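Enquirer: Here is the input, now give the coordinates:
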Amino acid sequence: MTDTTWMQERFEPTGSSIGFRITRKLDEVQSPFQKIEIYESTDWGNLMLIDGAMMLTARDNFLYHEMMSHPALFTHAAPRDVVIIGGGDCGTLREVLRHPGVQSAVQCDIDEQVTRMAEKWFPELCESNGDPRAQLLFDDGVAYMANRAPGSVDVVVVDSTDPVGPAEGLFNRAFYESCFRALRDGGILVQQSESPLALLELIQEMRAEMGKAGFAEFATLPFPQPCYPTGWWSCTLARKPGGGGFGFREADARAKGFPTRYYSADVHRGALATPPFVAEALGQV
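Expert: Got it, this is the predicted structure:
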C-alpha cells in the first residue's frame, strides 16, 4: 500500500460510495459468521469493516454510540436494567454504563471476534468491559430475547449491523414481540434504523413491525454519521405503554455528570424535531 491507497465502499441502492485514505491493513479474521478487517487510515484513525461494510472509525464513532444510548436512557424515568443486542465493539456498552442509575447491562453479540478485535484495536471503546455491572455474552441475540424473563428489562438497545446475515432476524415482528414481552411497562426499545435519506422505507417497515408487536409510540431521531452511507443516520425508539411518550428528563440531561462529545439536552431536543419529509413518510403530519 502507498499513502494514496483508498478504501472505497460502494452503496448500490443510492448509486454512491464513501472512501477513506488508508496506509495499511492492521488485522483480519474470518469468524464463523463474517470477515472482520481493521485498517489504519491517515485521518480517521483505525477503521473496522465487516464483510466489506464500514462499521466504525476511531474518529466519528462517538456520534453513533452516544445517540444509540443517551436519548433512550434519559427518556426512561429510571433505567436500571439494560440489554444491548449486538454492539460487539462495546462502544454502546461504555455509554450506557456512564449512567450511574444503571444496575446491570447485558451485551449479547453473536460474534466474539468483533469484541476481541475491538479490545485490540479500539481499546478506548472497551474501557467499561470490566465494570461489575457489565455482562458480555456471545450468543444469538434473537434467542436471548426470546428467553429473557417477562418484565425484566427497562431499555433494550439493538446495536446491529444492516438487516442481512446474522442481523437479519433483528428486524421483524417475532423479535420485537420478544423485546416487548421482556420490557417492563414504559420500557423503551431503541434500534439503529439506517439512513432516513436513503432507506426511509426500511424505517417505515421497522415501525410497522414494532407496531404489530404491541408498541404504539415511536420516535425516529436522525444524527450525522460520516462513515455510513449518505453520512446521515438514525435510531428509532419504540415505547411500551405506561411510559408517557418521548419527553425526556431534560434537567438530568443538562446536569449529567459525565462527558459527551455530541449528545446534549439541546441536541436531544433538536433530534426530536422530525424533518418534514420524514414526518410525512411516517404519517406524522
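
Enquirer: Longest strand of the protein, counting residues only.
Expert: Counting residues, the longest strand in the chain under DSSP state E turns out to be strand 16-30.

Enquirer: And it, what does it pack against?
Expert: Packed against strand 16-30, as judged by 3 or more C-beta pairs under 8 Å, 6 or more residues apart in numbering; DSSP states H and E, are the following elements: strand 6-11, strand 35-41, strand 46-50, strand 53-57, helix 112-121. (C-beta placed from N, C-alpha, C; glycine too.)

Enquirer: May I see the buried residues of the last one?
Expert: Yep, that's helix 112-121 we're talking about. The neighbour-count check on helix 112-121 (16 or more other C-beta atoms under 10 Å) flags 112-118, 121 as buried.

Enquirer: Next secondary structure after the top helix by length along the chain?
Expert: Secondary structure assigned by DSSP state H gives helix 61-75 as the longest helix of the chain. If you walk from helix 61-75 toward the C-terminus, the next helix or strand you reach (DSSP states H and E) is strand 81-86.

Enquirer: contact partners of that following strand?
Expert: With C-beta atoms under 8 Å, 6 or more residues apart in numbering as the test, strand 81-86 has contacts from 73, 92-93, 96, 102-109, 141, 144-145, 148, 152-161, 167, 170, 182.

Enquirer: Now that strand: average pLDDT?
Expert: For strand 81-86, the mean pLDDT works out to 97.

Enquirer: Also stretch 34-54?
Expert: 96.

Enquirer: how far does it stretch from start to finish?
Expert: 13 Å (C-alpha to C-alpha, to the nearest Å).

Enquirer: Please point out which parts of that stretch sit buried.
Expert: 34, 36-41, 44-50, 53-54.

Enquirer: which one of those residues sits closest to residue 64?
Expert: residue 54 (11.4 Å; C-beta to C-beta).
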